[in-house]
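Undergrad: Need a 3D model of the sequence below.
(4 chains)
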Protein chains: 4
Amino acid sequence: MHNNKNSLNILKTAKGQIEAIIRMIEDNRYCIDISRQILASVALLKKANTKILNNHLESCVKNAAYSNDPKEINVKILELEEVMNYISKNL
Amino acid sequence: MHNNKNSLNILKTAKGQIEAIIRMIEDNRYCIDISRQILASVALLKKANTKILNNHLESCVKNAAYSNDPKEINVKILELEEVMNYISKNL
Amino acid sequence: MHNNKNSLNILKTAKGQIEAIIRMIEDNRYCIDISRQILASVALLKKANTKILNNHLESCVKNAAYSNDPKEINVKILELEEVMNYISKNL
Amino acid sequence: MHNNKNSLNILKTAKGQIEAIIRMIEDNRYCIDISRQILASVALLKKANTKILNNHLESCVKNAAYSNDPKEINVKILELEEVMNYISKNL
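TA: Numbering: from 1, shown residues only, chains lettered A, B, ... in the order given. As a prediction, the model looks like this:
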């Protein structure tokens, strides 16, 4: 495992939050409170995503750069451009 | 239940996605694929949040407006302002 | 004017920032620094947007609620639902 | 210039939009219409930012990777991690 232990814990917390939100809806709790919890989960998922991507930079991308293999470098650069595109649209 | 059935289903789907993402990390799957799945869950949670808030508008806020009770109206308006503030910071 | 003076000032600041960013690009300044400035402008625009919407709640929406006119209330509620939809997609 | 011509044009368009929004506020135009225009500018700025960062990947980051200089590579990787952090918080 890269060292995605941190992201794993964050995702497990987010999963627990979403289970709690499901119960809030089933218990007909107040909408505004439910909304706040959903956005707290969004914040957690964004945090996990950033950690995953930074681990990727520190491992896969750095290894590619050190490999001095142009083909491998180009693949990683193009992937990062793809990441920038979908992050800009989805965050 | 307000008719938050839709949001409930979306949240259950999001929960399933996050369980799958946890397995992806445990299986040391490629970071970029994991990141994409996380952002797909963020998109789902945003969708659920919008449905919850729109149901709130159609029920609690509309009822307050029809109530012709200034105090009740002001409470709902202030709550919506709070929602605008935290949405702007968290989405 | 609703009292959108605040938003007006924020937008004028954002305009000045964007003019500065244009010069940074023309001066071939470092990409990361340019990116940071762009996101600072995004944050300003979000802030102005929230103020505009909250002023709307305090004026147009509140007046509609006090009007006790179901048609006027429904129009405002539907507009707010539209706002929630495009905010969720664009912020 | 990196070839940030595209981003330059987008930013000039965004600047024009903001000037138009300022006039909308001064003309006391309807809040919802103003809000929509602000979010259209946010979308443009995000687009410009993504282009700037992708140009950075294609030029500065790729050059560092090809340089085979560990120090230069590490600097670029750390910068990208910083970018991921502030993008996650500001987009």
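
Undergrad: Now do the contacts for A:E79.
TA: Neighbour list for A:E79: B:I32 [criterion: Cβ atoms under 8 Å, 6 or more residues apart in numbering or on different chains]. For the C-beta atoms, the positions are set from N, CA and C on the backbone; glycine is no exception.

Undergrad: Where does it sit, in terms of helix or strand?
TA: Using DSSP states H and E, A:E79 falls within helix A:70-90.

Undergrad: Of all residues in chain A, which one is nearest the centre?
TA: Centroid check for chain A by Cα atoms, centre = their mean gives A:N49 as the closest residue, at 1.6 Å.

Undergrad: and whichever helix in chain A runs longest with helix B:70-90, angle?
TA: The residue-count maximum for a helix in chain A (DSSP state H) belongs to helix A:31-56. Counting by axes from the mean of the first three to the mean of the last three Cα atoms, to 10 degrees, helix A:31-56 lies at 10 degrees to helix B:70-90.

Undergrad: which of the residues in helix A:31-56 are buried?
TA: A:31-32, A:34-42, A:44-56 (16 or more other Cβ atoms under 10 Å in any protein chain shown).

Undergrad: What of stretch A:77-91?
TA: Neighbour counts over stretch A:77-91 (16+ other Cβ under 10 Å) mark A:I77, A:E79, A:L80, A:E81, A:V83, A:M84, A:I87, A:S88, A:N90, A:L91 as buried.

Undergrad: Now render these as CSV, adding pLDDT.
TA: Output for the buried residues of stretch A:77-91, formatted as CSV (pLDDT from 0 to 100):
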residue, pLDDT
A:I77, 96
A:E79, 96
A:L80, 96
A:E81, 96
A:V83, 94
A:M84, 94
A:I87, 89
A:S88, 85
A:N90, 75
A:L91, 68
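
Undergrad: can you list the residues of chain A near chain C?
TA: Taking Cβ under 8 Å from any Cβ of the partner chain, no part of chain A reaches chain C.

Undergrad: So, low pLDDT: which residues of chain A?
TA: Chain A contains residues with pLDDT under 70 at A:1-2, A:91.

Undergrad: since we're on A:N68, how many residues are nearby?
TA: Counted by other Cβ atoms under 10 Å in any protein chain shown, the residues lying close to A:N68 total 12.

Undergrad: Revised request: answer the last question for A:R29.
TA: The burial count for A:R29: 14, using other Cβ under 10 Å.

Undergrad: what's it sitting at in phi/psi?
TA: Phi and psi for A:R29, reported as degrees, to the nearest 10, are phi -70, psi 170.

Undergrad: if we can go back for a sec, from the buried residues of stretch A:77-91, which is closest to chain B?
TA: For the buried residues of stretch A:77-91, the closest approach to chain B (Cβ to the nearest Cβ) belongs to A:N90, at 4.3 Å.

Undergrad: I'd assumed B:S41 was in contact with the closest one.
TA: No. Using Cβ atoms under 8 Å, A:N90 makes no contact with B:S41, being 10.1 Å away.

Undergrad: what about the nearest residue to A:S67 once chain neighbours are set aside, distance to B:N4?
TA: Counting by Cβ to Cβ, 6 or more residues apart in numbering or on different chains, A:I73 is the residue found nearest to A:S67 once chain neighbours are left out, at 7.4 Å. Noted for A:I73: a distance of 49 Å to B:N4, by Cβ to Cβ, to the nearest Å.

Undergrad: Looking at the two, which one has more neighbours?
TA: Each of A:I73 and B:N4 has its neighbours counted (other Cβ under 10 Å); B:N4 has more, 23 against 20.

Undergrad: Would you quantify the distance from the more buried one to A:S35?
TA: Distance of B:N4 to A:S35, given as Cβ to Cβ: 11 Å.

Undergrad: joint contacts of these two?
TA: B:I52.

Undergrad: Hmm, A:V61 and A:K76 touching each other?
TA: Yes. Counting by Cβ under 8 Å, A:V61 is a contact partner of A:K76 at 5.0 Å.

Undergrad: Going by contacts, tell me the helices and strands next to the longest helix of chain A.
TA: On a contact count with 3 or more Cβ pairs under 8 Å, 6 or more residues apart in numbering or on different chains; DSSP states H and E, helix A:31-56 meets helix A:5-26, helix B:5-26, helix B:31-56, helix B:70-90, helix D:70-90.

Undergrad: any idea how far the longest one is from the chain center?
TA: Looking back up the chat, that one is helix B:31-56. How far helix B:31-56 lies from its chain's middle: 8 Å, per Cα atoms, centre = their mean, to the nearest Å.

Undergrad: Show the subsequent helix or strand relative to it.
TA: Where DSSP H and E defines the elements, the next helix or strand beyond helix B:31-56 is helix B:62-67.

Undergrad: Report the buried residues of that following helix.
TA: By neighbour count on 16+ other Cβ under 10 Å, the buried set for helix B:62-67 is B:K62, B:A64, B:A65.

Undergrad: Apart from its chain neighbours, what residue comes closest to the last one?
TA: Leaving aside its sequence neighbours, B:A65 sits nearest to C:A65 (Cβ to Cβ, 6+ apart; 4.0 Å).
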